[in-house]
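Student: Fold the following.
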Amino acid sequence: MNPYIDGPPEPDTSVTPPSDSACNREHLFTRRRFLKVVGLTTGLTFTKDILFPGTQKIAAPAILKGTKLHLLQLSSFVPPTDDEIRRQAAEWGKQTGVQVTIETINANDLQARIAAAIETGTGPDIMQMLHNWPHLYAKGCIDIDDVAEKVEKMYGGFYRQIQEVCFVEDHYKAMPYAIAGTAMVHREDWFQEVGVEKFPETWEEYRKVGKLLKDRSRPFGQTFGHTFGDAPTFAYPYLWSFGGKPVEEDGKTIALDSPETLEAVEFISVLWKDVFDETGLAWDDTNNNRAFLAEQISCTLNSASIYVVAKNQYPQIAQHINHAIMPAGPAGSFHYNTTVEFAIMKYSPHVDAAKEFLLFLMDKPNFYKWFEIGGGVNVAPGPDHETHPLWQRDPRVLAFRHTAKLGRSIGYPGPPTRNAAEALSKYIIVDIFARAIRGEEPKKVIEWAVGELRQIYRS
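Tutor: Okay, the predicted model is just below:
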């Protein structure tokens, strides 16, 4: 069934998607395939059927009327998307008699709020989670298989990265909602001024181009601070691209102390001096956006938010912005995207209302309205979005149509376990590079990180 008013566009022949060698061949997992892979068979039961709003006229159960529902999420870098969520909440509230409060906070404060709510047994009914936090907070979340299965069918399956982070101990502990893809946002005009027509495909090429631009006072920008998005979304795929890895495929054996990790750590010190704005070490996720829009940096790893804001506020800059996938190292090109998921908390007395509201948000007319307002900042949890007209209308964001396919989970090449989530929350991989940049000896930094990982994975 065609979900778009005007029908899907003709296949795009101007952009070649990443080859299978560059991305995970099995980037799409249905729940059935996932269960088969992990060796599970039958015996799973699901709660009552919940109809998708939009596919059938809503007849809200009378028991929902008068309910008050509280959802906590991060404040978007594209504020109109938050306004759209509030509009949809108000619309659903009128239909059902449920009063929905949408609370937005700084993303770096989100995890502390989740942990405190679980500890005290009180707080928002629905929590937005990022990364593989559902593994970390699984005991505080209800099983949400029924909702996730419906979303999976609507969006053509789930991308592997977001499925893995939501699926914990044989159940979905959160509903896959969206993927905030990351790409190299860059000023094409400034690259062309130094003779570069195509974004660098390898880290060595990236260094050479970046040095030319830094010599012209147009450095690249990157944080290695304790911030939720830009630091880990650079550090992990950068490490993987050299062949480095925190653990083996078994998800238990520490594998960080390797020649590949050492090469990555040594090269980051070279990159930092040759390429980057050296004031950016402890930036948060807003600093590089502001620096780019102030024309202080020429390239940074980011979602589409810089471009979307530029189109609305700085059109003279937007016309020169483009996006590219991350450069390749000796082991290839990788991406780590910020996954966005919603969990319903066990202490909530309004589970039925929370489930129905999440399904309302995922109803295609609602989700794609939010998606279009965001301009590609967040894509759907499955490939249904890949034929959306947005990609035809604005080729400057085409890279984000593909980055979800390239995404690996924290813990790669092992599973995104609770231990992997703890290592992420403690910024161990990020700090390897930050400490080396500050001048610590690479081998000593790796030795420190191995010790930290052993303490985590022993638990």
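
Student: right, and residue 226 touches residue 425 too?
Tutor: No: Residue 226 lies out of contact with residue 425 (Cβ atoms under 8 Å); the separation is 9.5 Å. To be clear about C-beta, it is placed using only N, CA and C from the backbone, and glycine gets the same treatment.

Student: Excluding chain neighbours, give the residue nearest to residue 101 in space.
Tutor: residue 70 (4.8 Å; Cβ to Cβ, 6 or more residues apart in numbering).

Student: and that neighbour, that one's in a strand?
Tutor: Yes: checked against DSSP: H, G, I helix; E, B strand; the rest coil, residue 70 lies within a strand.

Student: For it, give me the pLDDT.
Tutor: Listed pLDDT for residue 70 reads 98.

Student: give me every residue that touches it.
Tutor: By Cβ atoms under 8 Å, 6 or more residues apart in numbering, residue 70 lies in contact with 100, 101, 103, 123, 124, 125, 126.

Student: pretty sure the fifth one is touching residue 102, no?
Tutor: Meaning residue 124. No: with contact defined as Cβ under 8 Å, residue 124 does not reach residue 102; the gap is 9.8 Å.

Student: where does the stretch 51-200 of the chain have low pLDDT?
Tutor: Scanning the stretch 51-200 of the chain for pLDDT under 70 picks out the ranges 51-63.

Student: Strands of that one, start to end?
Tutor: Secondary structure of the stretch 51-200 of the chain by DSSP state E, counting those that start in this stretch: the strands cover 68-74, 99-105, 126-130, 158-159, 167-168, 171-172, 175-180, 183-187.

Student: so what strands line up beside the fourth one?
Tutor: Think strand 158-159. Within its sheet, strand 158-159 is paired with strand 28-29 (antiparallel), according to DSSP bridges.

Student: Kindly report the same for the second one.
Tutor: Strand pairing for strand 99-105, determined by DSSP bridges: strand 68-74 (parallel).

Student: List the buried residues in stretch 348-361.
Tutor: 348, 350, 352, 353, 354, 355, 356, 357, 358, 359, 360, 361 (16 or more other Cβ atoms under 10 Å).

Student: wouldn't the fourth one be in contact with residue 93 here?
Tutor: This means residue 353. No: the criterion here is Cβ under 8 Å, and residue 353 misses it with residue 93 at 10.2 Å.

Student: all helices for the stretch 251-400 of the chain, in order.
Tutor: 259-274, 287-293, 305-313, 315-318, 351-362, 364-374, 390-393, 399-406 (DSSP state H, counting those that start in this stretch).

Student: hey, C-alpha coordinates of the helix or strand that the last one is followed by in PDB?
Tutor: Towards the C-terminus, the helix or strand next in line after helix 399-406, according to DSSP states H and E, is helix 418-425. These are the backbone C-alpha positions of helix 418-425, laid out as PDB (Å, rounded to 0.1, in the frame of the first residue of the first chain):
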ATOM      1  CA  ARG A 418      24.600  -4.200  29.000                       C
ATOM      2  CA  ASN A 419      28.400  -4.200  29.500                       C
ATOM      3  CA  ALA A 420      28.900  -2.500  26.100                       C
ATOM      4  CA  ALA A 421      26.300   0.100  27.100                       C
ATOM      5  CA  GLU A 422      28.200   0.800  30.400                       C
ATOM      6  CA  ALA A 423      31.500   1.200  28.500                       C
ATOM      7  CA  LEU A 424      29.700   3.700  26.200                       C
ATOM      8  CA  SER A 425      28.200   5.600  29.200                       C
END
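
Student: how does the chain divide up, domain by domain?
Tutor: 28-181+338-392, 183-336+426-458 (automatic domain parsing).

Student: Please indicate which of the contacts of residue 70 are buried?
Tutor: Buried among the contacts of residue 70 (16+ other Cβ under 10 Å): 100, 123, 124, 125, 126.

Student: May I have the residues that are in contact with the last one?
Tutor: Right, residue 126. Neighbours of residue 126 in contact, by Cβ under 8 Å, 6+ apart: 69, 70, 71, 72, 342, 343, 344, 345, 348, 354, 357, 358.

Student: what do you get if the cut-off is 10 Å, keeping everything else the same?
Tutor: 69-73, 100, 102, 174-175, 342-345, 348, 350, 353-355, 357-358, 361 (Cβ atoms under 10 Å, 6 or more residues apart in numbering).

Student: Check residue 172 too.
Tutor: Contacts of residue 172 (Cβ under 10 Å, 6+ apart): 31, 134, 141-149, 151-152, 158, 163, 166, 341, 343.

Student: at 7 Å what do you get?
Tutor: 143, 144, 145, 148, 166 (Cβ atoms under 7 Å, 6 or more residues apart in numbering).

Student: Same list, the residues you listed, but as CSV with neighbour count please.
Tutor: Shown next, in CSV, are the contacts of residue 172 (neighbours: other Cβ atoms under 10 Å):
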residue, neighbour count
143, 20
144, 26
145, 19
148, 26
166, 29
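
Student: Just these: which are in helices?
Tutor: Of the contacts of residue 172, the ones assigned to helices by DSSP state H are 145, 148, 166.

Student: Once you drop chain neighbours, what's closest to the last one?
Tutor: Leaving out its chain neighbours, the residue that sits closest to residue 166 by Cβ to Cβ, 6+ apart is residue 174, at 4.6 Å.

Student: The one you found and residue 343 touch, don't they?
Tutor: Yes: counting by Cβ atoms under 7 Å, residue 174 does reach residue 343; the two are 4.1 Å apart.

Student: List the residues that contact the most centrally placed residue in the chain.
Tutor: Nearest residue to the geometric centre of the chain (Cα atoms, centre = their mean): residue 338, 1.4 Å. Neighbouring residues of residue 338 by Cβ under 7 Å, 6+ apart: 130, 131, 180, 229, 233.

Student: thought the fourth one was touching residue 286?
Tutor: By that I understand residue 229. No: using Cβ under 7 Å, residue 229 makes no contact with residue 286, being 10.0 Å away.

Student: ok, those two, which is more surrounded?
Tutor: residue 229 (24 against 16; other Cβ atoms under 10 Å).

Student: Could you pull up the residues touching the closest residue to the more buried one other than its chain neighbours?
Tutor: Nearest-residue entry for residue 229: residue 285, 4.7 Å, with adjacent residues in sequence omitted and distances by Cβ to Cβ, 6+ apart. Going by Cβ under 7 Å, 6+ apart, residue 285 touches 107, 227, 228, 229, 230.

Student: Kindly recompute the last result at 6 Å.
Tutor: Taking Cβ atoms under 6 Å, 6 or more residues apart in numbering as the contact definition, residue 285 lies against 227, 229, 230.

Student: Could you do residue 450 as well?
Tutor: Residue 450 makes contacts with 254, 256, 257, as judged by Cβ under 6 Å, 6+ apart.
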